[in-house]
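Student: Whatever this is, show me its structure:
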Amino acid sequence: MAAKPALVRQVGVLLKKHGWDIEYFKGFVLGLVWLDLFREHSRYEAFLDLPEGSLSKDENALLGAYAMRLNNDILMERFRFSAGCSIDKKSLSANYQKTSKLFQWASGVHMACRIIEVMIEDGDLVEDENSSYLLARIGENVYPFLDKDFAVDFFSELNECEMHEADCIGLLARLRTDLPKLIRDITLSSQMLTQTMSDYGTEEELHRMDLGSPIGNIHGYFATLKNEVDINECIDDLLPNVMTNNKSERIKNVEALLKYAEKALGEEFFVNNKGYFWGLIETRTYMRTLTALAETYKVTMQREKAIECYEKSLSLCKEDNLGARYLLADLYMELRRPDDALKLIEQFKDDTGAMMLFTKALALFIKYGDSPKAAAGLKAAIKSNEFIVLMLVGEMALPKEPPEYYGWGDENEAALYVMHNRLLWANSPGAMDWLMAKKV
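Tutor: Residues are numbered from 1 along each chain as shown. Prediction:
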């Protein structure tokens, strides 16, 4: 345990020698991990803006050891800011001085993104939808901490009015509060989007199964597998193809895959690690398969079974890294269980996003009718995203295709919510009339 503080101190001294704070290095490594380009002993001289060969072998090894620790913490969703990474609420300009730890952190992320852009320009990296999406997510969540003018323009555009610096301080503080969750979300997105053939080892290994042919007897794939890693890799290979089966075959096969995922972990593992799944890498195959089974039950109208899967997901992963709470709340509402929906929403009361707040408003209306409680719930929901009501009542058109990404309070978030929940509102007696009356 004593080695960690010593390592942090040594890295801090080395970075200070070159005029940088340790938060800068954290941001740099985070940016590379997000874009699946982290490598040990990689690009350290570039990020310190030093000539090649300036760092000694020992210095490179020191930075590499700390970077590897950060890499593991990020992937295990244990990333934490250092003490002092806070907003100066007296002066907006003070947050963009080199003495600001958040500014240092944002500068490190920016350097990582700049390296990515240079690699794309030089042809060393192919720009695709995944990298463009991740760069956009990083930009909207990190750049407000990097440039004051960007922050003012960003918040002004977001609120559709000219924002004064004093107002921007409060919004910047709110964004800082949301950063840990946003970092987890972008990390999860990067893991889902940047998975490539290299994750499977070799092309031959990737195609050890003919994923274009019928699955057949799924149990045959596991007949000779005993090792947990081999079982999970087999499940990961099979699951995408299984999800394209017809509905009856899909249910049977995903149920079978979940049993093998349970077997790979063992009964004792569930008892000892309940509540902390997904944070443990070895649980992710199981959690993905459980989510796939919930989705399969939902599309086959077996909603009670889907609810059981999402409830199990939340019991195993109390942080809800996979967003089961949103789908579970919607299912509760479909089955006219507003009390269960409200209980779930209260469990995640720190989630003040529009997805939860609009479902809460509908649940309050169904339970209490046109009441002060329901009106207060709707007011909070509209404040989180004003476009949702306009789309629900037909005053604002929906896009033809679901958005690929969204930001809090924007039109993409509204479109995704309405596409998934407009029938829920339409089929709730009196809800649309109440919404029309209250939206003004």
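
Student: only C-alpha atoms for contact and neighbour calcs from this point on.
Tutor: Fine.

Student: Now do the buried residues in stretch 165-182.
Tutor: 165, 168-169, 171-172, 175-176, 182 (16 or more other Cα atoms under 10 Å).

Student: a markdown table for these, including distance to residue 95 and pLDDT?
Tutor: Below are those laid out as a markdown table (distance: Cα to Cα, whole Å; pLDDT from 0 to 100):
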| residue | distance to residue 95 | pLDDT |
| --- | --- | --- |
| 165 | 12 | 86 |
| 168 | 11 | 88 |
| 169 | 9 | 90 |
| 171 | 13 | 86 |
| 172 | 10 | 87 |
| 175 | 13 | 82 |
| 176 | 12 | 83 |
| 182 | 20 | 67 |
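
Student: Which ones among those lie within helices?
Tutor: Among the buried residues of stretch 165-182, the members found in helices (DSSP state H) are 165, 168-169, 171-172, 175-176, 182.

Student: what's the closest of these to residue 324?
Tutor: Nearest to residue 324 among those is residue 182, at 16.7 Å by Cα to Cα.

Student: Any chance of a markdown table for the buried residues of stretch 165-182, columns distance to residue 398?
Tutor: Below are those laid out as a markdown table (distance: Cα to Cα, whole Å):
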| residue | distance to residue 398 |
| --- | --- |
| 165 | 34 |
| 168 | 30 |
| 169 | 33 |
| 171 | 28 |
| 172 | 30 |
| 175 | 27 |
| 176 | 31 |
| 182 | 26 |
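
Student: which one among those residues gets closest to residue 265?
Tutor: For the buried residues of stretch 165-182, the nearest to residue 265 is residue 182 (29.3 Å; Cα to Cα).

Student: Now tell me what touches stretch 70-87 from outside.
Tutor: Residues outside stretch 70-87 that contact it (Cα atoms under 8 Å, 6 or more residues apart in numbering) are 23, 26, 29-30, 33, 38, 95, 100-102, 169, 172-173, 176, 180, 184, 187, 279-281.

Student: again with stretch 220-228
Tutor: So stretch 220-228 is contacted by 231, 234, 264-265 (Cα under 8 Å, 6+ apart).

Student: re earlier: name the member of the buried residues of stretch 165-182 with the shortest distance to residue 318.
Tutor: residue 182 (17.1 Å).

Student: Now render the contacts of stretch 220-228 as CSV, adding distance to residue 140.
Tutor: Putting these into CSV (distance: Cα to Cα, whole Å) gives the following:
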residue, distance to residue 140
231, 39
234, 37
264, 40
265, 38
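
Student: Output stretch 404-414 in PDB with nothing but the alpha carbons.
Tutor: Output of stretch 404-414 as PDB, limited to C-alpha atoms (Å, rounded to 0.1, in the frame of the first residue of the first chain):
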ATOM      1  CA  GLU A 404     -26.300   8.300 -32.600                       C
ATOM      2  CA  TYR A 405     -25.500  10.300 -29.500                       C
ATOM      3  CA  TYR A 406     -27.000  13.000 -27.300                       C
ATOM      4  CA  GLY A 407     -26.100  15.600 -24.700                       C
ATOM      5  CA  TRP A 408     -28.100  16.600 -21.600                       C
ATOM      6  CA  GLY A 409     -30.900  18.900 -22.500                       C
ATOM      7  CA  ASP A 410     -30.500  18.800 -26.300                       C
ATOM      8  CA  GLU A 411     -32.800  17.900 -29.100                       C
ATOM      9  CA  ASN A 412     -31.100  14.500 -29.600                       C
ATOM     10  CA  GLU A 413     -31.900  13.500 -26.000                       C
ATOM     11  CA  ALA A 414     -35.500  14.600 -26.600                       C
END
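
Student: how is the chain carved up into domains?
Tutor: The chain is divided into the following domains under automatic domain parsing: 3-195, 199-322, 329-440.

Student: mean confidence for the shortest one?
Tutor: Yep, that's domain 329-440 we're talking about. In this model, domain 329-440 has an average pLDDT of 89.

Student: ok, now the second one?
Tutor: For domain 199-322, mean pLDDT is 82.

Student: Residue numbering should commence at 54 henceforth.
Tutor: Happy to do that; since the first residue is 54 now, the last one works out to domain 252-375.

Student: Nearest spatial neighbour of residue 120, chain-adjacent residues omitted?
Tutor: Of all residues beyond its chain neighbours, the one nearest residue 120 is residue 82 (6.5 Å), with distances taken as Cα to Cα, 6 or more residues apart in numbering.

Student: Mind giving me the packing neighbours of the strand or helix carrying that neighbour?
Tutor: Secondary structure assignment for residue 82, by DSSP states H and E: helix 75-87. Helices and strands touching helix 75-87, by 3 or more Cα pairs under 8 Å, 6 or more residues apart in numbering; DSSP states H and E, are helix 56-70, helix 110-128, helix 154-174, helix 218-246.

Student: Sort out which residues of that helix are buried, please.
Tutor: 75-87.

Student: May I see those residues organised as TSV, with distance to residue 64 added?
Tutor: Formatted as TSV, the buried residues of helix 75-87 follow (distance: Cα to Cα, whole Å):
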residue	distance to residue 64
75	7
76	11
77	11
78	9
79	11
80	14
81	14
82	14
83	16
84	19
85	18
86	19
87	22
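
Student: before we move on, the earlier item: just the angle between the helix holding residue 82 and helix 56-70, please?
Tutor: 100 degrees (axes from the mean of the first three to the mean of the last three Cα atoms, to 10 degrees).

Student: quick one, phi/psi of residue 328?
Tutor: phi 100, psi -20 (degrees, to the nearest 10).

Student: Can you tell me the SS state at residue 214?
Tutor: coil (DSSP: H, G, I helix; E, B strand; the rest coil).

Student: I meant residue 137, not that one.
Tutor: coil.
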